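K.L.:
attaching a predicted model along with its sequence, questions to come.
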Amino acid sequence: MEQLLLLQLLPAVISELVVCQINRVVAEHISHADMTASDVASSWTLIASEGDMKVYKSEVDSGNNFVQHPLKAVHSVKVRFFHICC
């Protein structure tokens, strides 16, 4: 009986773990996309802009006389969808 109860609860537990993982990753991505912090904004250079799409470049010294140039694209979407079922 206890095993049956555990098997019934397992999908809910797994679902909760997946939701927590998704929320953590989304929060991390949003924090990387935030360009309002002065220390973050100063390390990224705007190289292209078209409408709400902006592309930034940064210089990262990876040691051994190698410089990496990561790119970051940020796009804001301000749309609301409404669906009416009759």
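P.N.:
Looks like it came in fine. Residues are numbered from 1 along each chain as shown.
K.L.:
tell me which helix or strand comes right after the lowest-mean-pLDDT helix or strand in the chain.
P.N.:
Least confident helix or strand, the chain: helix 38-43 with a mean of 66, by mean pLDDT, DSSP states H and E. Sequence-wise, the next helix or strand downstream of helix 38-43 (DSSP states H and E) is strand 45-50.
K.L.:
and that next one, how far out from the chain's middle?
P.N.:
19 Å (CA atoms, centre = their mean, to the nearest Å).
K.L.:
quick one: the helices in this structure?
P.N.:
2-33, 38-43 (DSSP state H).
K.L.:
please parse this structure into its domains.
P.N.:
1-33, 38-86 (automatic domain parsing).
K.L.:
mean neighbour count for those domains - can I get that in a markdown table?
P.N.:
For every residue, glycine as well, the C-beta is placed using N, CA and C. Below are the domains of the chain laid out as a markdown table (neighbours: other CB atoms under 10 Å):
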| stretch | mean neighbour count |
| --- | --- |
| domain 1-33 | 10 |
| domain 38-86 | 10 |
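K.L.:
alpha carbons of stretch 51-70, as CSV, please.
P.N.:
Provided in CSV are the C-alpha atoms of stretch 51-70 (Å, rounded to 0.1, in the frame of the first residue of the first chain):
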residue,chain,number,x,y,z
GLY,A,51,14.0,48.3,-32.9
ASP,A,52,13.8,46.3,-29.6
MET,A,53,16.7,44.0,-30.6
LYS,A,54,20.1,44.9,-29.3
VAL,A,55,23.4,43.0,-29.7
TYR,A,56,26.3,43.5,-27.3
LYS,A,57,29.9,42.4,-27.3
SER,A,58,32.4,42.0,-24.5
GLU,A,59,36.1,41.3,-24.2
VAL,A,60,37.1,38.5,-21.8
ASP,A,61,40.8,37.6,-21.3
SER,A,62,40.9,33.9,-21.0
GLY,A,63,44.6,33.7,-20.2
ASN,A,64,47.5,32.5,-22.4
ASN,A,65,47.2,35.7,-24.5
PHE,A,66,43.7,34.7,-25.8
VAL,A,67,40.9,37.2,-25.8
GLN,A,68,37.3,36.0,-26.2
HIS,A,69,34.5,38.1,-27.6
PRO,A,70,31.2,36.7,-26.4
